[in-house]
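Student: From the sequence below, what's the structure:
(2 chains)
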Amino acid sequence: GESVGLHLPTLSVQEGDNSIINCAYSNSASDYFIWYKQESGKGPQFIIDIRSNMDKRQGQRVTVLLNKTVKHLSLQIAATQPGDSAVYFCAEKPGGSYIPTFGRGTSLIVHP
Amino acid sequence: GAGVSQSPSNKVTEKGKDVELRCDPISGHTALYWYRQSLGQGLEFLIYFQGNSAPDKSGLPSDRFSAERTGGSVSTLTIQRTQQEDSAVYLCASSLAHGGAGGELFFGEGSRLTVL
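Tutor: As a prediction, this is how the structure comes out:
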């Protein structure tokens, strides 16, 4: 399940399950939304992005959904694998800005 | 390798000392970013360089922090008179002009700074 508290939000799933990681963004003027994956001891790695004129984009085993009405972004990972265990960050980039603003991150733990 | 290279990977220093962190971006990437990541937290923007334009320093937390980018390539982040609250992982990222077509930044593995 998902828990939010003083520590990083954590999502625990079983291998093979689908995972959904959620993100609320703040700036209605943002025109790009990006998901990054950060494994322990490494820098964040780009996963997928979506432009504000879209509401869904698919990649390999990942789907990003954008709901501008409620300013919500989600990352769906199909058939989650232990190698997907990492911290996932959403980021938004306002129109006219070249600087992504990152959210706090969600820790995904995949149990074999 | 062809990725973003940062050094040192780990730095332990005493309160009050100055430190320099280095970033070597991907060749051909004109945009360079510095972010700071404290334990269990998200990424806090520090500074952005784009080509020969004046850098966006709006994220620097105090005047003890400064950064340079020489020749449009290597960047150095300097923290003067370090404080314990400066302890964090400092991440450098580079990208094609203006962050690429969408938002893809390429990050280095970071420099972990510990101020005793």
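Student: B:L91 and A:K71, how far apart?
Tutor: With distances taken as Cβ to Cβ, to the nearest Å, B:L91 is found 26 Å from A:K71. C-beta coordinates here come from the backbone N, C-alpha and C atoms, glycine included.
Student: more neighbours, those two?
Tutor: Taking other Cβ atoms under 10 Å in any protein chain shown, B:L91 and A:K71 do not tie; B:L91 has more neighbours (27 against 15).
Student: Would you agree the more buried one is in contact with B:Q41?
Tutor: No. Under the criterion of Cβ atoms under 8 Å, B:L91 is not in contact with B:Q41, lying 11.9 Å apart.
Student: Report the closest residue of chain A relative to chain B.
Tutor: Closest residue of chain A to chain B, Cβ to the nearest Cβ: A:G43 (3.1 Å).
Student: how about that residue, secondary structure?
Tutor: Using DSSP: H, G, I helix; E, B strand; the rest coil, the structure places A:G43 in coil.
Student: pull the CA atoms of the helix or strand hosting A:V13 into CSV?
Tutor: Following DSSP states H and E, one finds A:V13 within strand A:10-14. The C-alpha trace of strand A:10-14 is given here as CSV (Å, rounded to 0.1, in the frame of the first residue of the first chain):
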residue,chain,number,x,y,z
THR,A,10,6.5,4.6,0.0
LEU,A,11,4.7,2.2,-2.2
SER,A,12,5.3,-1.5,-1.7
VAL,A,13,4.2,-4.0,-4.4
GLN,A,14,4.8,-7.6,-5.3
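Student: how about that strand against chain B, any contact?
Tutor: No. Strand A:10-14 is not in contact with chain B by Cβ under 8 Å from any Cβ of the partner chain; minimum separation 10.8 Å.
Student: Give the rounded mean pLDDT of that strand.
Tutor: Taken as a whole, strand A:10-14 has a mean pLDDT of 95.
Student: Which neighbouring elements make contact with that strand?
Tutor: strand A:2-3, strand A:19-24, strand A:106-111 (3 or more Cβ pairs under 8 Å, 6 or more residues apart in numbering or on different chains; DSSP states H and E).
Student: between that strand and strand A:106-111, how big is the angle?
Tutor: On the basis of axes from the mean of the first three to the mean of the last three Cα atoms, to 10 degrees, strand A:10-14 is oriented at 20 degrees to strand A:106-111.
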